[in-house]
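Undergrad: Give me a model of this one.
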Amino acid sequence: MPQWQGGNNPPYYFGAKLLAWLAPPAGDTPQIEVPVQPSDGTALSDEEGVVARSVLLRQLESARNIIDAFSPKRIIMFGGDCLVSQAPFAYLNERYGGNLGVLWIDAHPDVSTPKMHKHEHAMVLGNLLGEGDPLFSAKVAVPLKPELVLYAGLQEPSPAEADIINRLKLPNATAEALAKNSEPVLEWIRDRNIRQLASHLDLDVLDPALFRSLLFSQPGGEAIDAPSGKMTLPQIARLIQDISDKTDVVGLSIAEHLPWDALNLSDFLGSLPIFGG
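TA: Residues are numbered from 1 along each chain as shown. From the prediction side, this is the model:
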């Protein structure tokens, strides 16, 4: 789902396409692309404080219609901005009786509201919990149970976000706690008796000094007023392997891939006259 409007960042479109291409072959498993219109350079409109709200609602409905047509037991979603997790996670929580465990691997909490943030990708976990943006949370028939949600690698949230996290009692296994082993997450799985689990992986949970295809690593980009991640790909690979040994992982979403070098090279090649015939 190469959605970019949720973060108002057109390069997410390219990042999702490349991510899907890099993934292992799907074999006989259906691989469907949710239709998303790429940017034509026109500025997105602000709709009641949320950028591109109506477009995002239509794309959410499209994603859900595709999922319902196949009724899968498991879903892998390639994004795109973090909002791509809403349709598959909402579906999976319904399928598994409202008892889906969710491991939210992300440097940022994604529980904002339209009063706090204008980009919908910052609200997706709130939407899934029955909060966030009311128009989007209304599309979640069975909200996630807060006790079945765990952050991994979350950095310092804003005071308003921290208030929501504290009210909902959403725990966090810090990057430091997960540096050597996955025990904080495995203990949560055991304590909550989680049978099915979905993992949301926002690549910005990674340390931008070690992985460069992130918003924080844009060459010549402006400073970003948000904390960057501190985890590594080997740590996350180990974490997902460990949870897969202890519970049934039925969902994985990977979001916010921004391969700047490949994108800049693509733009460069497109600028050469010989490619224009």
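
Undergrad: Other residues contacting stretch 204-221?
TA: With contact meaning CB atoms under 8 Å, 6 or more residues apart in numbering, stretch 204-221 is reached by 9, 15, 105-108, 152-153, 175, 203, 224, 228-233, 236, 256-261, 264. (Each C-beta comes from the backbone N, C-alpha and C, glycine too.)

Undergrad: buried residues in stretch 260-267?
TA: Within stretch 260-267, the residues scored as buried using 16 or more other CB atoms under 10 Å are Trp260, Leu263.

Undergrad: quick one: it to chain centroid distance?
TA: Relative to the chain's own centre, stretch 260-267 is displaced by 22 Å; criterion: CA atoms, centre = their mean, to the nearest Å.

Undergrad: Put the buried members of the contacts of stretch 204-221 into a PyMOL selection.
TA: Buried subset of the contacts of stretch 204-221, written as a PyMOL selection, criterion 16+ other CB under 10 Å:
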select buried, resi 9+15+105+106+107+108+152+153+175+203+228+229+230+231+232+236+256+257+258+259+260
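
Undergrad: So which of the contacts of stretch 204-221 are in strands?
TA: Ile105, Ala152 (DSSP state E).

Undergrad: residue boundaries of the strands in the protein?
TA: Using DSSP E, strands in the chain cover 46-47, 50-51, 75-78, 101-105, 149-152, 172-173, 196-202, 248-255.

Undergrad: helices or strands next to the fourth one in the packing?
TA: This points to strand 101-105. Here strand 101-105 touches helix 124-128, strand 149-152, helix 183-192, strand 196-202, helix 233-246, going by 3 or more CB pairs under 8 Å, 6 or more residues apart in numbering; DSSP states H and E.

Undergrad: Comparing those, which comes out most buried?
TA: A comparison of the helices and strands packed on strand 101-105 by mean neighbour count, using mean count of other CB atoms under 10 Å, puts helix 124-128 on top with a mean of 28.

Undergrad: Run through who's touching that helix.
TA: Contact with helix 124-128 is made by 6, 82-83, 85-86, 89-90, 93, 102, 104, 109-113, 132-133, 136-137, 139-140, 143-144, 149, 164, 200, as judged by CB under 8 Å, 6+ apart.

Undergrad: pLDDT (mean, whole number) over that helix?
TA: Taken as a whole, helix 124-128 has a mean pLDDT of 98.

Undergrad: distance of the residue nearest to the spatial centre of the chain from Ala198?
TA: Closest residue to the average C-alpha location of the chain: Cys82 at 3.2 Å, with CA atoms, centre = their mean. Distance of Cys82 to Ala198, computed by CB to CB, to the nearest Å: 14 Å.
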